[in-house]
Every structure is written in structure tokens, then in C-alpha cells.
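> model the following, please.
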Amino acid sequence: MSTKRIGILGGIGPEATGKFYNKLIQKLQKKGLIKSNRDFPQIVINSIPAPELIYEKISDEELQPYIDGLKELDKFGVDFIVMVCNTIHLYYDRLQKEINTPIINLREELRDMLIREGIKSTLIIGTPNTIRQGLYRFEGIKYFEPNEEEMKQLTDSVFNFNRGIDKQKQVQKVRMICERYLKEGAETIILGCTEFAVMLGEEQLPKINTIDILVEATTRKFSPE
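Coordinates of the predicted model:
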């Protein structure tokens, strides 16, 4: 059994981090990698109180808590790190240069998945920063993206959901926006914010859950076939 230590940069938000952790353990069990309690990986979760990287102009001060969190994991001696947040991957190259430990690249993992599945059109929902900077735009795929008003609604829904304000109402708001673009021709929905993955995880919609993408990549690194 692998003795690799996994580092998780979480807290952005905390519920998504918890969801990722639970899904990872379930995935390892399902793959038959856990024969006894000693087979579970050592997992170091650094749940950081960091600002939401919602808008395009992100200051060095706002990014610093993420850098500090990664450096703390780096010092702990983990073998690789997974960042349970979509928007932070806009700064992947910069962050990777700050530490020696390899960080899973969610953008590349998602791109490879879209190619494998032959997906030709998709709706992207995420923070305004993620959408406007094209984190999940790839050549050869048609994209549907929320308009400005819808992006505001999506952002407000995430804020309210994280604060525990009428959670089911927030889910319904997001679902209505998604259904509109599915009717317009989107094959599936990229849940480009881990909070949307939590909100819509049980909803019967064609979707790509980026938490699942991270779980798959982490499992593969932990126990490569």
C-alpha cells in the first residue's frame, strides 16, 4: 500500500473541503485499496480562512493566505497537494513556483476528461473571475456562459449558501439558470466552483462535478495503476 501523504488546501469553502474528503475516502474504499485501517492515507487538511477570489482584480494581499497555506503543507512534507477550490487555479503557475511540492492541476485534469468523454458543448458556472478569465475554455468546445445578471445571482447564491441562509432556495436559483442553458443546447454543466458542486451534487442534471475530478486525480496519484 502506498505511504504517500496527501495535502489538502481547503476552507474555501469548508463544506466543499468536507465533501471532497468524504468522496476521496469512499473512492479509495470502492477501488478496493483499503483492506484495514492502516491502509488509509495520511491526509493533512489545511483549512484556511481566506478571501473569496470572486472578481478579476486580485491583490497580492488577498492571494497571500493561499500562498501561506500551501507553504505550511509544503513544510509538513506531503507528497502532493490538492486545492479544493476552482478559482484559485487561475493562479496555479504562480502558486506552484512558491513551493516544491507538486500541486494537482485541476484545469488540465478537466481538459483531459472533456476530451475523453467527447463533450462538444457545455455551460460553465463559477465565480465571475473564473468565467471571465476563461479558466475552463478549451479549443474545440462550444461554451455557454451566464450573463452579467445571472453571474450576480450565482455569486449571491454562493454567499448565502455558505452563510446557511435558506440553502434550498439558493440551490433552486442556480438550478433555474442551468436549466435555461441546457434547453439552449449545452450538453452538460461544468460546476466551476466547488460550492456549486456541493449545492447541485444531488440534483438530477447533466453535470461535471469538479470535486469528483479532483478525487479521481488524487486517487490516481495515491495509487497509480
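> could you check the pLDDT of the residue of the chain most remote from its centre?
What lies farthest from the middle of the chain is Ser36; by CA atoms, centre = their mean that is 29.1 Å. On the pLDDT scale, Ser36 is placed at 88.
> quick one: low-confidence parts of this protein?
Judged by pLDDT under 70, the chain has its weakly predicted residues at 1-2, 55-56, 224-225.
> now the helices for it?
For the chain, applying DSSP state H gives helices covering 14-30, 60-76, 92-98, 106-117, 128-132, 148-162, 167-183, 194-199, 210-222.
> highest mean neighbour count out of these?
Among the helices of the chain, ranked by average contacts under mean count of other CB atoms under 10 Å, first place goes to helix 194-199 (a mean of 26). Just so you know, the C-beta spots here come from the backbone N, C-alpha and C atoms, and that holds for glycine as well.
> measure Lys75 to Arg132 for me?
Taking CB to CB, to the nearest Å as the measure, Lys75 falls 34 Å from Arg132.
> quickly list the domain ranges of the protein.
As given by automatic domain parsing, the domain ranges for the chain are 5-105+212-222, 107-209.
> and the last one, how far out from the chain's middle?
So the one you mean is domain 107-209. Domain 107-209 sits 11 Å away from the centroid of its parent chain (CA atoms, centre = their mean, to the nearest Å).
> against Arg180, how distant is Glu15?
Glu15 is 26 Å from Arg180, where distance means CB to CB.
> cool, and Val174?
As judged by CB to CB, Val174 and Arg180 stand 11 Å apart.
> and for Leu191?
Leu191 sits 16 Å away from Arg180, going by CB to CB.
> equivalent analysis for Lys97, please.
Relative to Arg180, and taking CB to CB, Lys97 is found at 40 Å.
> now do Asn209
20 Å.
> what does Lys27 give?
32 Å.
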